[in-house]
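Trainee: Kindly generate the corresponding structure for this input.
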Amino acid sequence: METLDFIINQLKEFYTYTSFANITWGHIVMICVGLFFISLAIRKHYEPLLLIPIGFGIIIGNIPFNESADLNIGIYESGSVLNQLYFGVLHGVYPPLIFLGIGAMTDFSSLLSKPRLVLLGGAAQFGIFAAYAISLFLGFTPQEAGAIAIIGGADGPTAIFLSSKLAPQFIGPIAIAAYSYMALVPVLQPPVMRLMTTKKERLIRMKPPRAVPKNEKIIFPLVGIILTCFIMPTALPLLGMLFFGNLLKESGVTKRLADTAKNALVDIVTIFLGLTVGASTQATVFLTTDSLKIFGLGAFAFIIATFSGVIFAKIMNIFLSEGNKINPLIGNSGVSAVPDSARVSQHIGLEYDKTNHLLMHAMAANVSGVIGSTIAAGILLSFLA
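Mentor: Next comes the predicted model:
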């Protein structure tokens, strides 16, 4: 009889360690969110390199366990493997490495060909500052509001970097919101673009970009790092790595380093970043009213950013001669979701004229948006840190 009681007690204790004994509705909801992200990535091809690691990370982070047993497996438990990997998110290590890879992948020729399109990248950042004002109105602290507002730039690494400095308690919802809206660019932007443009404006043809000499491409990252970071030194960790990666690409003598930065390195960091950001959405700390507010504010910022870019292109056309006008459909590309925003410009343009290719022009605004959102993050960091 004593043996039977012992076995029963052991089974009861074993049950307390299983997920069945510790699961809540919150865990179920978050696991469904993770499955939804994975479904979007596989079925719709929405940012699969981001949404699959994040979606799987959400599932990992919401496998419930007995938190009082000190098992050292959760992402918020000091010393666990996930906690060690999460260090790169909390301390802003991963975003600069992502920017190094982005720099090594990016061709700035379209921007160098038509420098005035950099203004579209600047105009789209208005969504960030509009969201900042609304966040303050909703009761967030200035630091929290700044971290939330950067979602409007549609730049996941920048959002993670800034939130790690200003509001680390909100890294999870801010990162998930930023990457979600990046993935939903083809869904969120077209209605705004169609609403804000006329049929005549959508048919505007822009002059082909000029051929940019090799020397100009090499000089650009050197001038870019000095100019932007002298103005805003707080953006140095991100812009410094962006321009360094681009110099590796354009110099022509560091092909191996450039290939490593844009392939193996950025892939490894993306896996760790996506997985740990997803795992940080543990239901017990993620499902709050503040998280819902952050998602709403992020959507607002993103839509305002798209609106601002399109409107500013229309304003620029007032001052441009007939042959130099800008097709306002590329204004959405000031949002720094590279290259998805530029692809949306191209896709919508082709709907109205099958021979009007806007991709190269849109890429100029798109890469400007990357620089613009990083500078905006630097401004917020300098004032709020």
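
Trainee: Just want the most central residue of this structure.
Mentor: By CA atoms, centre = their mean, the chain has its centre lying nearest to Gly156, at 2.0 Å.

Trainee: Quick one: residues contacting it.
Mentor: With contact set as CB atoms under 8 Å, 6 or more residues apart in numbering, Gly156 has these partners: 50, 175, 178-179, 182. Yep, even glycine has a C-beta here, placed from its N, CA and C like the rest.

Trainee: Let's have those in a markdown table, adding neighbour count and pLDDT.
Mentor: Listed next are the contacts of Gly156 as a markdown table, based on neighbours: other CB atoms under 10 Å; pLDDT from 0 to 100:
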| residue | neighbour count | pLDDT |
| --- | --- | --- |
| Leu50 | 22 | 89 |
| Ala175 | 26 | 90 |
| Ala178 | 30 | 90 |
| Tyr179 | 28 | 88 |
| Met182 | 25 | 86 |
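
Trainee: closest to Phe20 among those?
Mentor: The shortest gap between Phe20 and any of the contacts of Gly156 belongs to Ala175, at 29.5 Å (CB to CB).

Trainee: Do I have it right that the closest one meets Ala159?
Mentor: Yes: at 6.2 Å, Ala175 counts as touching Ala159 under the criterion of CB atoms under 8 Å.

Trainee: how would you label Asp5: helix, strand or coil?
Mentor: helix (DSSP: H, G, I helix; E, B strand; the rest coil).

Trainee: which ones are touching Ala41?
Mentor: Per CB under 8 Å, 6+ apart, neighbours of Ala41: 47-48, 50-52, 55, 183.

Trainee: do Leu381 as well
Mentor: For Leu381, the contact set (CB under 8 Å, 6+ apart) comprises 146, 162, 165-166, 234-235.

Trainee: That one is in what secondary structure piece?
Mentor: Leu381 is part of helix 359-384 when elements are defined by DSSP states H and E.

Trainee: confidence score at the residue nearest to the centre of the chain?
Mentor: Listed pLDDT for Gly156 reads 88.

Trainee: ditto for the one 3 residues further on
Mentor: The predicted structure scores Ala159 at 93 on the pLDDT scale.

Trainee: swap in Gly127?
Mentor: 89.

Trainee: Let's verify it: helix, strand, or coil?
Mentor: Going by three-state DSSP: Gly127 is helix.

Trainee: And what about the residue nearest to Asn324 when sequence neighbours are not counted, helix, strand or coil?
Mentor: In space, and not counting its chain neighbours, Asn324 is closest to Lys207: 7.0 Å by CB to CB, 6 or more residues apart in numbering. Of the three states, Lys207 takes coil under three-state DSSP.

Trainee: List phi and psi for Lys207.
Mentor: phi -60, psi 140 (degrees, to the nearest 10).

Trainee: Against Ile348, how distant is the residue nearest to Ser368 when sequence neighbours are not counted?
Mentor: Among residues not flanking Ser368 along the chain, Gly121 sits closest, at 2.6 Å (CB to CB, 6+ apart). As judged by CB to CB, to the nearest Å, Gly121 and Ile348 stand 19 Å apart.

Trainee: of these two, who's got more company?
Mentor: Gly121 (27 against 22; other CB atoms under 10 Å).

Trainee: what separates the more buried one from Leu350, distance-wise?
Mentor: 23 Å.

Trainee: Check Phe230 too.
Mentor: Taking CB to CB, one finds Phe230 at 41 Å from Leu350.

Trainee: With Gly103 instead?
Mentor: For Gly103 relative to Leu350 (CB to CB), the value is 29 Å.

Trainee: Of those two, which one has the most company?
Mentor: Taking neighbours as other CB under 10 Å, Gly103 and Leu350 compare with Gly103 leading, 28 against 14.

Trainee: nearest residue to that one other than its sequence neighbours?
Mentor: Gly245 (2.6 Å).

Trainee: Which strand or helix spans the one you found?
Mentor: Assigned by DSSP H and E, Gly245 falls in helix 236-250.

Trainee: for the next helix or strand along the chain from that helix, packing partners?
Mentor: Remark: after helix 236-250, the chain's next helix or strand is helix 255-260, criterion DSSP H and E. Applying 3 or more CB pairs under 8 Å, 6 or more residues apart in numbering; DSSP states H and E, one finds that helix 255-260 makes contact with helix 236-250.

Trainee: C-alpha coordinates for the helix it packs on, PDB please?
Mentor: C-alpha atoms of helix 236-250 as PDB (Å, rounded to 0.1, in the frame of the first residue of the first chain):
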ATOM      1  CA  LEU A 236      26.200  55.800 -34.600                       C
ATOM      2  CA  PRO A 237      25.700  52.100 -33.600                       C
ATOM      3  CA  LEU A 238      23.200  51.600 -36.400                       C
ATOM      4  CA  LEU A 239      24.300  54.000 -39.100                       C
ATOM      5  CA  GLY A 240      28.000  53.200 -38.500                       C
ATOM      6  CA  MET A 241      27.400  49.600 -39.200                       C
ATOM      7  CA  LEU A 242      25.100  50.300 -42.200                       C
ATOM      8  CA  PHE A 243      27.700  52.500 -43.900                       C
ATOM      9  CA  PHE A 244      30.500  50.100 -43.000                       C
ATOM     10  CA  GLY A 245      28.600  47.200 -44.600                       C
ATOM     11  CA  ASN A 246      28.000  49.300 -47.700                       C
ATOM     12  CA  LEU A 247      31.700  50.200 -47.900                       C
ATOM     13  CA  LEU A 248      32.600  46.500 -47.700                       C
ATOM     14  CA  LYS A 249      30.300  46.000 -50.700                       C
ATOM     15  CA  GLU A 250      31.300  48.900 -52.800                       C
END
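
Trainee: what helices or strands is that helix leaning on?
Mentor: helix 94-105, helix 156-166, helix 214-231, helix 255-260, helix 359-384.

Trainee: Now with 6 Å, please.
Mentor: helix 94-105, helix 214-231, helix 255-260 (3 or more CB pairs under 6 Å, 6 or more residues apart in numbering; DSSP states H and E).
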